[in-house]
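**Q** The following comprises the amino acid sequence and a computationally predicted model.
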Amino acid sequence: MESAEKEEISVEDEAVDKSIFKDCSKIAFYRRQKQLLSKKSTYRALLDSVTIGKDSARFQIINEPAKVPLLAEVCGIEGNIFRLKINEEIPLKPRYEVPDVLTSKLTTVRLTSCPGDTGSLVLASGKGDLKCHIMANPFKVDFVSEEEVVMSINSLGQLYFEQLQIPPKQRATKKNEEDASIDTTQENQEELGLWEEKFENFVDVKINGPASIGLDFSLHGFEHLYGIPQHAESHQLKNTSDGDAYRLYNLDVYGYKIHDKMGIYGSVPYLLAHKLGRTLGIFWLNASETLVEIKTEPAVKYTLTQMGPVAAKQKVGSQTDVHWMSESGIIDVFLLTGPTPSDVFKQYSYLTGTQAMPPLFSLGYHQCRWNYEDEQDVKAVDAGFDEHNIPYDVMWLDIEHTEGKRYFTWDKKRFPNPKRMQDLLRSKKRKLVVISDPHIKIDPNYSVYAKAKEQGFFVKNHEGGDFEGVCWPGLSSYLDFTNPKVREWYSSLFAFSVYQGSTDILYIWNDMNEPSVFKGPEQTMQKNAIHHGNWEHRELHNIYGFYQQMATTEGLIQRSKGKERPFVLTRSFFAGSQKYGAVWTGDNTAEWSYLKISIPMLLTLSVTGISFCGADVGGFIGDPEAELLVRWYQAGAYQPFFRGHATMKTKRREPWLFGEEHTRLIREAVRERYTLLPYWYSLFYSAHVASQPVMRPLWVEFPNELESFSVEDEYMLGSALLVHPVTEPKATVVDVFLPGSSEIWYDSKTFAHWKGACIVKIPVTLDSIPVFQRGGSVVPVKTTIGRSTGCMTDSPYGLRVALSTKGSAIGEFYLDDGHSFQYLHQKQFLHRKFSFSSGVLTNSCADERGHYPSKCVVEQILVLGLKKQPSSVTAHSADGSAQPVAFTYYAATSTLNLETLSLKIGADWKARRLRHQMKGRSNLLNHGEGNDNQPQYSSLENRMDRGAWQATAHRVTESDMTERLTHTIHLQLHRHSKAAESLDFEPQHQLQMLPPLFYSSRVAVKTLVLFLGGLGE
């Protein structure tokens, strides 16, 4: 190991041969379970042993050959959740049960025994529609709803439980070996990896022998399953063949292979099953290496069965079998019974917590690279964003900012004055994120190492010394974050007085925390390393990174004395990581296929509780072509975590380095992200308090539309926006599926609309990404963009109101200070509801508990789908006086634009339709019937001359409307009239067509009244 310390560590040490990772055939507990289950060893439940207490029902299960009882416990949990635990009744020593993931002591619901058939026990919770039927011989559990079996447990007889054993050398008599549940001949020991498991040059010694567990679940009527991240695979889980199970084992896989079931950086042992009428969830609480097999049998319409002398036809439903296998621990599984997707999301978050409410800045754009060289480089990149008018919020520094990869330090030559650098960013209301990995360089002169060494805070090897492995600093030891004292100490390192050079705008990135160990087995830590409580690493491998993020998050909260929200990004994660921050998809590659696979990867993370997720824009590895980079920015702008990142030795790729045209396209994508920040922030609040994903697969919003169940190239942001990123090179058209037979969808750029339940061919150029607003929604936006989120605090809002087929719309808006916990502790927030119905647009309070003073106003309202023009709009002020309000109506797109408003965002108000017969000619754009091809403007006192309107770079609607309206008029006229062929809009005419959106004086408005008489309902 001394030579390893002297070696130069480079990126090539991480870019390892994929052959160093195991497939199923090389995993001993998988081979054992597959071999021994083929012998059909059965368990039976001893129902005469049943005891029903206040919190659970308990009974014994016996495997006939071994005669050693297991203890089963069934609990009913508040919110229609069942829990099944199976453990040894009297183990040699306690088996590992995962701590710290469940949010708190769960509220149990008393189970009652109901009449059932002989040889069975029926349990009901008194709430929900499911009953638990336990059959004795063979042991099986059915969950029944209205006489229909929805889910079965152990119906395939795959319950498997290896009990802890005394090592062969310590057994006193031959009888011990005879009683062992597994053949322990020398040949079988080596083949099945009972006491030692060899892989490559490594030997894994198992002090208590084999301890794996397994159980099968049959989901009746289900063909569509999702979840169990993290894999670079499709959103819908695929059938697995022998040797091709989904693997959950956190590994550092540089440039991971796509369409592969191997484990990568994180593991969430939780899947969802969905069919028409019901959604279920299975949460397998186990932190050891886990494999999941899936087998779906689709529905068969008819099968012949013999009933007496006549052959009868009988429908056979679909079924999916799921087989979970883990290397160690106990069986601890939660069954989330729905019945809706929203219910399942709430049930899972009740167990593991909701997504942490992020600080607002973290929803902006992040600029990262391995590595920005020095303070001057940071200053130049920061200035480049301002020079090219591209907003961004966070600058990131990778490992090279430290002194020799010693975390919590600064390279004195490259970053001699880190506070000055942070002051520069602070002056523009921007932030800094730096990296902190779990490995600590072995250096007695490095204070972090010395203190951790002195207090015994490192993971131990199986011989009792500190575990040592190679990572970026060279020879390193690894902090044992499973120890609460280590976490408490690590948190204290983020105090401003301890972390020299840090300020309150510095936030943290946890990387390499699978943990990554160069030249270790599968690039990670040996399984027989020892953690706090004398637990082997094998028991808790998948939760190691979870604990580091937990400690980091707590450290950032503590440094502000509990006042400020943290931001922590982690590469490794587990169930419940959403409570502590954000996750990304790791070391992807600058190829089109990785852009495409990022969508299903993020959808899978989203439905398993981790809403704050993203993929490195542009691809971490390699050099993206300009077209790919633009398309990735366009996709990333509509995904929750938005960060550009690249490895060292790649070409610099700041947004302005690819030519003026590509810079413009990237600018537009980033600026659209900032335009939608109010909507993003409101979605994250919904994720935080109501457990609803931010980024949603179509089946979540349209659970009764079978066509949506397999869609993974497009998705919903909340319930209002449908996004279909362009993921193919040189694309000129994309096929967009618009769901919902009763829905109407509006193109967010052209305002053209389509009815749902169809596939639409959408023409695309490099400057377009298909985004559609759902009819019936209201989306809040910012009408002014600053250079960072902090510069936009007081800027005005707009509302994009898209009417449904019934002429109505609803939406929500959330606002707080964007950075503190005052929203939680002092109820300092605004939660508003916008609704449009029967011609009345209303802003009302959605949560009376919240109060937050805001100077912001709604200055523009854009209504899509309004079929006829109002005669006038009048603003009623607080003193009762009325003044006209500017508006513009576009008949070609049925769009009404209300301008120069000053409606307080936090006040109740209404925009009301009055029945008033329009008089005179409408003077609309009507395909060449005598008008001047101009949209109809309202009159105002001191009307502003349209030709005097000035475009402003920071006004979203001005630049957008030029392009959108011209494009829309061309599009709609082309569709509806041959007269379009003779029309030609010159650039100067395009500018004149713009509405007078903004005026220097504002009208203080209490109520808006829209005169829409004679337009019908």
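**A** Structure's in. What do you need? Nothing here was measured: the structure is a model prediction, and the numbers come from that model.
**Q** pull the CA atoms of the helix or strand where residue 321 lies into CSV?
**A** Per DSSP states H and E, residue 321 falls inside strand 319-326. These are the backbone C-alpha positions of strand 319-326, laid out as CSV (Å, rounded to 0.1, in the frame of the first residue of the first chain):
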residue,chain,number,x,y,z
GLN,A,319,-49.8,-11.4,-13.6
THR,A,320,-46.3,-10.2,-12.7
ASP,A,321,-44.1,-12.1,-10.3
VAL,A,322,-41.4,-10.2,-8.5
HIS,A,323,-38.6,-12.1,-6.6
TRP,A,324,-36.5,-10.1,-4.2
MET,A,325,-33.2,-11.5,-2.9
SER,A,326,-30.8,-9.9,-0.5
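**Q** What pairs with it, parallel or antiparallel?
**A** Partners of strand 319-326 in the sheet, by DSSP bridges, are strand 213-220 (antiparallel), strand 290-297 (antiparallel).
**Q** pLDDT weak spots in the chain?
**A** Scanning the chain with the threshold set as pLDDT under 70 gives 1-8, 10-16, 41, 128, 172-190, 301-316, 874-883, 911-1017.
**Q** quick revisit: tabulate the strands paired with strand 319-326 (JSON lines), appending distance to residue 718 and mean neighbour count.
**A** Quick note: C-beta positions are derived from backbone N, CA and C, even for glycine. Shown next, in JSON lines, are those (distance: least, Cβ to Cβ, whole Å; neighbours: other Cβ atoms under 10 Å):
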{"stretch": "strand 213-220", "distance to residue 718": "28", "mean neighbour count": "23"}
{"stretch": "strand 290-297", "distance to residue 718": "30", "mean neighbour count": "21"}
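**Q** Identify whichever of those lies nearest to residue 169.
**A** Across these, residue 169 has its closest neighbour in strand 213-220 (25.1 Å, Cβ to Cβ).
**Q** Any chance of the strands paired with strand 319-326 in JSON lines with distance to residue 664 as columns?
**A** Shown next, in JSON lines, are those (distance: least, Cβ to Cβ, whole Å):
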{"stretch": "strand 213-220", "distance to residue 664": "50"}
{"stretch": "strand 290-297", "distance to residue 664": "46"}
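**Q** among those strands, which is nearest residue 136?
**A** Of these, the one closest to residue 136 (Cβ to Cβ) turns out to be strand 213-220, at 17.2 Å.
**Q** what's next to the closest one, contact-wise?
**A** Applying Cβ atoms under 8 Å, 6 or more residues apart in numbering, the contact partners of strand 213-220 are 33, 37, 86, 148-162, 225, 273, 280, 282, 286, 317, 319-326, 328-331, 333.
**Q** about what we covered before: residues contacting the strand holding residue 321, please?
**A** Residues contacting strand 319-326 (Cβ under 8 Å, 6+ apart): 29-30, 33, 156, 158, 160, 212-223, 225, 245, 269, 271, 273, 282, 284, 286, 288-297, 333.
**Q** before we move on, what about stretch 752-766?
**A** 627, 630-631, 665, 705, 707, 724, 726, 731-747, 770, 775, 805, 864-865, 893-894, 968, 971-972.
**Q** how about a cut-off of 6 Å?
**A** Outside of stretch 752-766, the residues within contact range by Cβ atoms under 6 Å, 6 or more residues apart in numbering are 726, 731, 733-741, 743-746, 770, 971.
**Q** Same question for stretch 108-128.
**A** With contact meaning Cβ under 6 Å, 6+ apart, stretch 108-128 is reached by 47, 54-55, 57, 75-78, 80, 131-136, 337.
**Q** before we move on, the earlier item: quick check on the contacts of stretch 752-766: which are buried?
**A** 726, 734, 736-740, 743-746, 770, 971 (16 or more other Cβ atoms under 10 Å).
**Q** Distance from the strand holding residue 321 to the middle of the chain?
**A** In terms of Cα atoms, centre = their mean, to the nearest Å, the centre of strand 319-326 is set 24 Å apart from its chain centre.
**Q** List the buried residues of that strand.
**A** Those would be 319, 320, 321, 322, 323, 324, 325, 326, for strand 319-326 by 16+ other Cβ under 10 Å.
**Q** Stretch 419-436 now?
**A** Within stretch 419-436, the residues that count as buried by 16+ other Cβ under 10 Å are 421-422, 424-426, 428-436.
**Q** Residue 223 touches residue 294, doesn't it?
**A** No. Here residue 223 does not reach residue 294: they are 10.7 Å apart, not a contact under Cβ atoms under 6 Å.
**Q** returning to what we had before: could you dump the buried residues of strand 319-326 into TSV and include distance to residue 479?
**A** Below are the buried residues of strand 319-326 laid out as TSV (distance: Cβ to Cβ, whole Å):
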residue	distance to residue 479
319	46
320	41
321	41
322	35
323	35
324	30
325	30
326	25
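**Q** Over to residue 472: give its phi and psi.
**A** Main-chain torsions, residue 472, degrees, to the nearest 10: phi -50, psi -40.
**Q** Could you do residue 801 as well?
**A** With angles defined as degrees, to the nearest 10, residue 801 sits at phi -100, psi 110.
**Q** before we move on, what about residue 715?
**A** Dihedral angles (degrees, to the nearest 10) for residue 715: phi -160, psi 170.
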